[in-house]
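In: My questions concern the predicted model and sequence given below.
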Amino acid sequence: QVQLVESGGGLVQAGGSLRLSCAASGRTFSGYAVGWFRQAPGKEREFVAGTRWSSIKSDYSESVQGRFTISKELAKNTVHLQMNSLKPEDAAVYFCAAGPTLSTHVSGYPYWGRGTQVTVSS
């Protein structure tokens, strides 16, 4: 079983950048897909970006395509989400998740972190 811990959230002005990190413990990400999801108050949790640990393939939601980049730091067993040109509508709690396949659905990921808050001021 893999345990996930997110970090890097905070308050940023619109147009600014943040880098979120998701560190795994218990076992490595090897063999897993890793997804980033977000949930704003009163809204459902939604897919943001994802990648397979053993592949260069990544997937992004339309709302973040071209602004967010997911990357892997193999030596640290960590996945990052670089978020640029942030908008107020990007504000949410961001979660990382691990699962057997790259999926845009919450149900595709059995392992979840507790989330990190991203606040974007206008």
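Out: Sure thing, it's come through. Bear in mind that the values here come from a model prediction, so they are computed numbers and not experimental data.
In: and the most centrally placed residue in the chain, what are its bridge partners?
Out: By CA atoms, centre = their mean, the chain has its centre lying nearest to W36, at 2.5 Å. Following DSSP bridges, W36 is listed with bridge partners A49, C96.
In: Now do the buried residues in stretch 91-100.
Out: Neighbour counts over stretch 91-100 (16 or more other CB atoms under 10 Å) mark A91, A92, V93, Y94, F95, C96, A97, A98, G99 as buried. Any C-beta I mention is one placed from the backbone N, CA and C, and that applies to glycine too.
In: Tell me the helix or strand right after whichever strand or helix holds the fourth one.
Out: Yep, that's Y94 we're talking about. Assigned by DSSP states H and E, Y94 belongs to strand 92-99. Reading on from strand 92-99 to the C-terminus, the next helix or strand found by DSSP H and E is strand 111-112.
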